[in-house]
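In: just a sequence and a predicted model for now, questions to come.
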Amino acid sequence: DLAGEFCKAMREAGLKRGFYFSMLEYANPQYPGGRDSKRTEASLSIADWNRFVNFPQLKDLADRYEADIIWPDGEWDYTGDEHGSAGFLAWLYNDSKVKDTVVVNDRWGKDTRGRHGGHYTTEYGHGASAIKDTGVMHPWEECRGIGGSFGYNQFETTEHYMSRTRCIRTLVSTVSRGGNLLLNVGPDADGRIPAIMEDRLLAIGEWLKVNGDAIYATTRANIKSNDKDVYLTAKGDKLYVIDFKRNASVIKLDGLDDVLSVELLGSKNTVVKYSTKGGNLAITRAVLSSADAPCDHAWVYVVNRGKKNPARYPANATLKSGDGPLVQAHRGGKGEFDDNAVGAFKNSLKKGVRGFEIDVRFSKDRKLVVMHDGKVDRTTDGTGEVESLTLEELKKFRLEASSEPIPTAEEAFEVFRGRKDFFIEIE
């Protein structure tokens with residue numbers, strides 16, 4: 001009972017159990033005949049073939065072996081109606097033992113691919129014309145071997161197999177279009193996975209150890225990449241930019257007006273340079289030595305997106321009760337530091353008032369210092385004093401772009417918002 005042993009081993013390993021099922025059997029004299037075979041005296045009608053051969057076996061897979069996946073193929077000789085597929089599927093989803101869990105593909109007749117099924121299937125890219133960047137949202141799957149064959153083929157050489165990078169690119173390309181990759185592996189006559197297939201699988205696994213977040217449980221991104229070497233996936237408030245080019249140039253993406261930060265997956269110490277303007281994001285590709293590179297083949301930039309919520313005070317800041325949001329809005333030379341300042345700042349944002357002067361710096365002990373006319377107005381401990389720190393030393397900690405008056409409240413807010421060490425409370 002090969003299927004029984006297979007299912008038992010899979011179940012014990014905590015894995016799902018799937019079965020490929022051929023709707024045709026060209027070597028069986030009872031097969032009705034079709035594209036690549038002739039009818040014989042023993043041939044059944046297609047109705048009887050399904051009644052006495054296909055459907056009993058399919059039902060056996062569902063009820064006796066409790067298949068999680070039923071993956072038919074070889075359906076191209078007859079239509080779905082001629083196969084009687086609708087009737088079987090009605091039984092499968094209403095009365096079978098796996099009615100609430102089973103997954104099926106779209107190969108139930110020569111007229112059903114890309115039209116009916118739990119998930120659509122492409123094969124070596126064939127049929128992919130229906131899966132455009134902005135096309136089908138129905139679950140779909142690309143099916144192919146590592147080489148040109150689905151099973152083990154002793155005549156295939158290294159020229160027939162995908163390289164490590166191409167295997168990973170095939171995975172990334174498929175996932176970036178919302179698909180799943182079904183990658184076939186063909187054991188040899190001794191049941192061993194050929195070394196070249198093992199090598200490719202291990203390479204994919206090593207890459208996924210670093211970059212799995214960009215693949216697992218992701219969806220198609222809501223923006224496009226115009227670079228053939230850059231693919232996009234998304235999950236929650238993260239956009240994953242998967243880059244196969246890895247050279248000293250810039251990745252440009254349009255339609256991103258909510259970028260909070262950009263980081264390189266697997267390389268926490270790498271500071272990624274980027275800029276945003278008019279809803280467009282430009283990422284300067286990192287230049288790293290092989291020793292510092294997070295992985296081979298392709299690097300992943302994580303774009304954190306969302307509402308730019310203000311960051312909080314640093315943990316070592318000293319705040320007294322009653323200290324309001326530390327905002328200095330210069331209007332008529334008067335600086336305010338309580339809720340009134342928030343209101344003034346908010347109103348100014350609405351009115352687009354010009355002439356704001358904001359000067360915020362940090363002391364050596366990381367206290368937030370607000371300056372006014374070159375003098376200390378207030379610090380986070382409320383004393384208005386900065387011990388052992390001269391004005392010249394203080395200038396070294398000046399907030400970038402604050403040395404000159406900031407022309408608009410909007411620009412002032414952007415300057416403040418770019419810092420993670422303190423916040424402006426604007427609700």
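Out: Nice, thanks for sending it over. Numbers count the residues shown, from 1 in each chain.
In: which stretches of the chain form helices?
Out: Counting by DSSP state H, the chain has helices at residues 2-12, 46-49, 55-63, 80-83, 85-94, 164-176, 195-211, 339-351, 391-395, 409-417.
In: looking at it, R177 is touching A221, isn't it?
Out: No. Using Cβ atoms under 8 Å, R177 is not in contact with A221, being 10.0 Å away. Quick note: C-beta positions are derived from backbone N, CA and C, even for glycine.
In: how much space separates A291 from G179?
Out: Distance of A291 to G179, computed by Cβ to Cβ, to the nearest Å: 35 Å.
In: in the stretch 151-300 of the chain, which spans are strands?
Out: For the stretch 151-300 of the chain, strands defined by DSSP state E, counting those that start in this stretch occupy the ranges 180-184, 219-220, 230-235, 238-243, 250-253, 259-264, 274-277, 280-284, 299-305.
In: can you list those in CSV and add mean neighbour count and distance to R166?
Out: Formatted as CSV, the strands of the stretch 151-300 of the chain follow (neighbours: other Cβ atoms under 10 Å; distance: least, Cβ to Cβ, whole Å):
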stretch, mean neighbour count, distance to R166
strand 180-184, 16, 12
strand 219-220, 16, 21
strand 230-235, 21, 14
strand 238-243, 23, 14
strand 250-253, 18, 21
strand 259-264, 18, 23
strand 274-277, 13, 29
strand 280-284, 18, 24
strand 299-305, 21, 17
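In: which among those is found nearest to W108?
Out: strand 180-184 (17.4 Å; Cβ to Cβ).
In: and the closest one with helix 195-211, angle?
Out: 150 degrees (axes from the mean of the first three to the mean of the last three Cα atoms, to 10 degrees).
In: list the neighbouring strands of strand 180-184 plus their orientation.
Out: Strand 180-184 has the following sheet partners, assigned by DSSP bridges: strand 140-145 (parallel).
In: quick one: low-confidence residue ranges for the stretch 201-350 of the chain.
Out: 307-350 (pLDDT under 70).
In: who does the closest residue to N211 other than its chain neighbours bridge with?
Out: Among residues not flanking N211 along the chain, V300 sits closest, at 4.7 Å (Cβ to Cβ, 6 or more residues apart in numbering). For V300, the beta-bridge partners are I242 (DSSP bridges).
In: how far away is V300 from S176?
Out: The spacing between V300 and S176, counted by Cβ to Cβ, is 12 Å.
In: common neighbours of those two, please.
Out: Residues within reach of V300 and of S176 at once, by Cβ atoms under 8 Å, 6 or more residues apart in numbering, are I242.
In: gap between the closest residue to N280 other than its chain neighbours and D188?
Out: Spatial nearest neighbour of N280, excluding adjacent residues (Cβ to Cβ, 6+ apart): D254 at 5.2 Å. For D254, the distance to D188 (Cβ to Cβ) stands at 49 Å.
In: so what's L89 up against?
Out: Shown in contact with L89 (Cβ under 8 Å, 6+ apart): 104, 108.
In: looking at it now. What's its pLDDT?
Out: The per-residue pLDDT reported for L89 equals 97.
In: mind listing what S176 touches?
Out: Residues in contact with S176 (Cβ under 8 Å, 6+ apart) are 220-221, 231-233, 242.
In: can I get the residues you listed in a markdown table including distance to M197?
Out: Below are the contacts of S176 laid out as a markdown table (distance: Cβ to Cβ, whole Å):
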| residue | distance to M197 |
| --- | --- |
| R220 | 29 |
| A221 | 31 |
| Y231 | 24 |
| L232 | 29 |
| T233 | 26 |
| I242 | 24 |
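In: name the nearest of those relative to P56.
Out: So of the contacts of S176, ranked by how close each gets to P56 (Cβ to Cβ), first place is R220, at 39.5 Å.
In: gap between the residue nearest to that closest one when sequence neighbours are not counted and H297?
Out: Closest residue in space to R220, ignoring its immediate chain neighbours: G178 at 3.9 Å, by Cβ to Cβ, 6+ apart. G178 sits 22 Å away from H297, going by Cβ to Cβ.
In: so which of the strands of the stretch 151-300 of the chain is nearest V210?
Out: strand 299-305 (7.9 Å).
In: what comes into contact with the closest one?
Out: Residues from elsewhere that reach strand 299-305 (Cβ under 8 Å, 6+ apart): 210-211, 213-214, 237-243, 246, 251, 253, 256, 258-266, 272, 281, 283, 286, 293.
In: tilt between that strand and strand 238-243?
Out: 150 degrees.
In: could you dump the strands of the stretch 151-300 of the chain into a markdown table with distance to N54 added?
Out: Formatted as a markdown table, those follow (distance: least, Cβ to Cβ, whole Å):
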| stretch | distance to N54 |
| --- | --- |
| strand 180-184 | 22 |
| strand 219-220 | 35 |
| strand 230-235 | 38 |
| strand 238-243 | 41 |
| strand 250-253 | 49 |
| strand 259-264 | 52 |
| strand 274-277 | 56 |
| strand 280-284 | 53 |
| strand 299-305 | 44 |
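In: any idea what the residue nearest to N180 when sequence neighbours are not counted is bridged to?
Out: Nearest in space to N180, with sequence neighbours left out and distances taken as Cβ to Cβ, 6+ apart, is E141 at 4.4 Å. Applying DSSP bridges to E141 gives these bridge partners: T121, N180.
In: quote the end-to-end distance of stretch 283-299.
Out: 13 Å (Cα to Cα, to the nearest Å).
In: check which residues of it are buried.
Out: 283, 285-286, 293-295, 297-299 (16 or more other Cβ atoms under 10 Å).
In: ditto for stretch 3-19
Out: 7, 17-19.
In: and of the residues you listed, the nearest to R164?
Out: Among those, G18 lies closest to R164 (Cβ to Cβ), at 25.9 Å.
In: list the contacts for the closest residue to the closest one other than its chain neighbours?
Out: Residue nearest to G18 in three dimensions, not counting chain neighbours: I69, with 3.2 Å by Cβ to Cβ, 6+ apart. Residues near I69 by Cβ under 8 Å, 6+ apart: 16-19, 102-104.
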